[in-house]
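Enquirer: following is a predicted model, sequence given first.
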Amino acid sequence: MAELAFTNLVVVVAVTFSAPLVLGLAPAVRLPAVVLELVAGIALGPAGFGLVEVDDPVRVLGLVGLAFLLFLAGLEIDFDRLRGRQLGLAGGGFAVSFAIAVALSLALAAGGQVDTPLLVAIILAATSLGVVVPVLKDAGEAGSSLGQLVIAAASIADFGAVILLSLLFSREAASTTSKLILLGGFALTALALLVALRGAGRSTRLSDALLRLQDTTAQIRVRGAFLLLVGFVALAERLGLEVILGAFLAGAVLSLVDQDRAMTHPQLRTKLEAAGFGMFIPVFFVSSGLQFDLDALLGGASTLARVPLFLAALLLVRGLPALLYAGTLGRRRTLAAALLQATSLPFIVAASMIGLELGLIDAATGAGLVAAGLLSVLLFPLAALTVLRLAPDVTGEGSASLTDIAPTSGGTP
């Protein structure tokens with residue numbers, strides 16, 4: 001067995017510790033920690049000073065971080081909100097969004113900017129649920145009509161993008177029909193497990209044991225969540241589907257099973273977020289920065305011009321469908337919803353890496369998409385909350401805080 005070296009991992013972990021601490025020491029700097037983690041990775045990696053590289057320990061922890069990120073994104077979905085008029089608006093918005101994404105991607109392909117327009121359309125159609133939720137919570141908008149619509153739309157966008165990516169661009173060479181069958185089998189397995197878990201939850205003996213062990217050194221619910229995550233990821237990989245689909249569905253299943261958390265185990269999600277955001281997820285973002293091809297991005301003026309082009313595409317693809325909310329939210333709050341929906345980064349990073357591995361996009365396109373995602377996280381939430389300060393809540397359900405005008409540095413990436 002080859003001996004593993006942990007020197008690179010030490011530097012990566014040091015960056016994950018330093019990034020939020022630096023931002024915490026400078027509260028005037030309104031910057032999500034994920035941005036600093038990516039930038040630090042770029043600076044320390046081959047594209048910068050060349051001090052760190054992605055070796056096996058960094059690669060494995062980064063992969064776990066990616067899985068954990070999608071797991072927590074699935075866990076954020078509140079299925080109670082995905083119903084009625086709200087579901088109709090959010091679902092219709094995603095359909096319009098994807099149609100716009102396909103049209104724009106075809107136009108970009110005709111202009112020689114991208115090689116695989118369908119993959120780029122899927123990348124542009126996602127919203128970063130993990131960024132949007134903390135922003136809304138910090139602004140006191142999570143329970144408002146605006147917040148509920150944006151969270152529902154982001155949930156459907158994330159779910160739809162993950163499904164489409166796994167169906168159309170998985171690493172396994174198989175026909176679309178075969179992938180549909182595999183995807184259907186995977187969904188049925190998830191449904192069967194959901195039914196089984198809900199049935200097991202009705203057992204008084206099992207519930208008592210879980211309550212007794214959940215806050216001891218056994219941390220039984222945390223271990224169960226890890227088992228669910230790893231099991232779904234392993235099953236997705238076995239079926240030739242994307243790992244991110246397995247991780248996302250694991251979080252969604254846990255969200256559906258975990259209905260009594262406020263009464264019996266209110267700390268479970270805090271513990272899972274501590275494990276994810278405390279270690280694994282930041283390693284994924286730093287390692288993504290280490291693999292960022294800055295030379296490809298800076299290869300020429302035409303290549304660099306893709307960044308504002310992709311940023312504008314994000315705003316059009318995810319922002320325009322927010323016009324469907326105008327009758328409910330009013331013009332200013334609809335603009336804020338459009339900006340929040342156009343915020344995307346984690347899925348862009350993950351999907352771009354898959355596209356690069358499959359040879360479907362070139363390094364310059366991948367770097368341009370990630371750079372546009374970085375700018376969206378930097379600019380759009382701040383702009384949205386600035387708009388909210390000027391737009392009183394017509395429903396009276398909540399209003400933006402004057403002091404919280406950007407996502408906190410320790411928030412979900």
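Expert: In hand now; what should we look at?
Enquirer: now do the buried residues in whichever strand or helix holds Leu183.
Expert: Per DSSP states H and E, Leu183 falls inside helix 176-200. For helix 176-200, a neighbour-count test (16 or more other C-beta atoms under 10 Å) marks Lys179, Leu182, Leu183, Phe186, Ala190, Leu193, Leu194, Leu197 as buried. In short, each C-beta sits where N, CA and C put it, glycine included.
Enquirer: swap in stretch 66-80?
Expert: Leu66, Ala67, Phe68, Leu69, Leu70, Phe71, Leu72, Ala73, Gly74, Leu75, Glu76, Ile77.
Enquirer: stretch 22-40 too?
Expert: Neighbour count says stretch 22-40 has Leu23, Arg30, Leu31, Pro32, Ala33, Val34, Val35, Leu36, Glu37, Leu38, Val39, Ala40 buried, by 16+ other C-beta under 10 Å.
Enquirer: secondary structure added to the residues you listed, as a markdown table?
Expert: Below are the buried residues of stretch 22-40 laid out as a markdown table (DSSP: H, G, I helix; E, B strand; the rest coil):
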| residue | secondary structure |
| --- | --- |
| Leu23 | helix |
| Arg30 | coil |
| Leu31 | coil |
| Pro32 | coil |
| Ala33 | helix |
| Val34 | helix |
| Val35 | helix |
| Leu36 | helix |
| Glu37 | helix |
| Leu38 | helix |
| Val39 | helix |
| Ala40 | helix |
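Enquirer: how about the nearest residue to Leu360, chain neighbours excluded?
Expert: Residue nearest to Leu360 in three dimensions, not counting chain neighbours: Thr116, with 4.3 Å by C-beta to C-beta, 6 or more residues apart in numbering.
Enquirer: give me the neighbour count for the one you found.
Expert: Around Thr116 there are 20 other residues, counting by other C-beta atoms under 10 Å.
Enquirer: and the gap between it and Leu4?
Expert: Using C-beta to C-beta, to the nearest Å, we find Thr116 at a distance of 36 Å from Leu4.
Enquirer: also Asp293?
Expert: 26 Å.
Enquirer: out of the two, which sits in the more crowded spot?
Expert: Neighbour tally, Asp293 and Leu4, criterion other C-beta under 10 Å: the higher count belongs to Asp293, 19 against 10.
Enquirer: for the more buried one, list the residues it contacts.
Expert: Contacts for Asp293 (C-beta atoms under 8 Å, 6 or more residues apart in numbering) come out as Ala47, Ala363, Ala364, Gly366, Ala367.
Enquirer: pick out whichever of these sits closest to Val54.
Expert: Distance to Val54, by C-beta to C-beta, is smallest for Ala47 among the contacts of Asp293, at 12.0 Å.
Enquirer: ok, which stretches of the stretch 201-350 of the chain are helices?
Expert: 204-213, 220-238, 243-257, 261-264, 268-275, 281-290, 294-297, 301-304, 306-314, 326-329, 331-341, 346-357 (DSSP state H, counting those that start in this stretch).
Enquirer: buried sites along the third one?
Expert: Going by neighbour count (16+ other C-beta under 10 Å), the buried part of helix 243-257 is 243-257.
Enquirer: Ala109: which of these is nearest?
Expert: For the buried residues of helix 243-257, the nearest to Ala109 is Ile244 (24.3 Å; C-beta to C-beta).
Enquirer: returning to that earlier point: between the buried residues of stretch 22-40, which has the least confident prediction?
Expert: Note: of the buried residues of stretch 22-40, the lowest pLDDT belongs to Arg30, at 71.
Enquirer: I figured that one hits Leu382, correct?
Expert: Yes. Between Arg30 and Leu382 there is a contact under C-beta atoms under 8 Å: 6.3 Å.
Enquirer: rewinding a little: which one among the contacts of Asp293 gets closest to Ala305?
Expert: Of the contacts of Asp293, the one sitting nearest to Ala305 (C-beta to C-beta) turns out to be Ala364, at 10.8 Å.
Enquirer: which pLDDT value does the model give the closest one?
Expert: pLDDT, read off for Ala364, is 90.
Enquirer: that one: neighbour count?
Expert: So Ala364, with other C-beta under 10 Å, has 20 neighbours.
Enquirer: again with the one 3 residues further on
Expert: The local packing of Ala367 (other C-beta under 10 Å) involves 28 other residues.
Enquirer: from the contact counts, what lies against the helix or strand containing it?
Expert: Element membership for Ala367, per DSSP H and E: helix 363-389. Packing partners of helix 363-389 (3 or more C-beta pairs under 8 Å, 6 or more residues apart in numbering; DSSP states H and E): helix 33-44, helix 117-124, helix 129-138, helix 294-297, helix 306-314, helix 331-341, helix 346-357.
Enquirer: pretty sure Ala275 contacts Arg221?
Expert: No. Contact criterion C-beta under 8 Å: Ala275 and Arg221 do not qualify, at 12.0 Å.
Enquirer: okay, the two: which has more neighbours?
Expert: Arg221 (23 against 17).
Enquirer: next up, the contacts around that one.
Expert: Leu210, Gln214, His265, Leu268, Lys271.
Enquirer: pick the one among these closest to Ala125.
Expert: Leu268 (30.9 Å).
Enquirer: these two touch, right, that closest one and Gln214?
Expert: Yes. Judged on C-beta under 8 Å, Leu268 makes contact with Gln214 at a distance of 7.4 Å.
Enquirer: now do the buried residues in the helix holding Ala367.
Expert: Neighbour counts using 16+ other C-beta under 10 Å place 363-378, 380-385, 387-388 of helix 363-389 among the buried residues.
Enquirer: one more: stretch 317-330?
Expert: Val317, Arg318, Gly319, Leu320, Pro321, Ala322, Leu324, Tyr325, Thr328, Leu329, Gly330.
Enquirer: then stretch 83-101 to PDB, C-alphas only?
Expert: Below are the C-alpha coordinates for stretch 83-101, written out as PDB (Å, rounded to 0.1, in the frame of the first residue of the first chain):
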ATOM      1  CA  ARG A  83     -47.800  22.400  -2.900                       C
ATOM      2  CA  GLY A  84     -50.700  24.400  -4.300                       C
ATOM      3  CA  ARG A  85     -50.200  27.700  -6.000                       C
ATOM      4  CA  GLN A  86     -46.600  28.000  -4.700                       C
ATOM      5  CA  LEU A  87     -45.700  24.700  -6.400                       C
ATOM      6  CA  GLY A  88     -47.300  25.800  -9.600                       C
ATOM      7  CA  LEU A  89     -45.400  29.100  -9.700                       C
ATOM      8  CA  ALA A  90     -42.100  27.400  -8.800                       C
ATOM      9  CA  GLY A  91     -42.500  24.600 -11.200                       C
ATOM     10  CA  GLY A  92     -43.700  26.800 -14.000                       C
ATOM     11  CA  GLY A  93     -40.800  29.100 -13.300                       C
ATOM     12  CA  PHE A  94     -38.300  26.300 -13.700                       C
ATOM     13  CA  ALA A  95     -39.900  25.200 -17.000                       C
ATOM     14  CA  VAL A  96     -39.600  28.700 -18.300                       C
ATOM     15  CA  SER A  97     -36.000  29.000 -16.900                       C
ATOM     16  CA  PHE A  98     -34.900  25.800 -18.600                       C
ATOM     17  CA  ALA A  99     -36.400  26.900 -21.900                       C
ATOM     18  CA  ILE A 100     -34.500  30.200 -21.700                       C
ATOM     19  CA  ALA A 101     -31.400  28.300 -20.700                       C
END
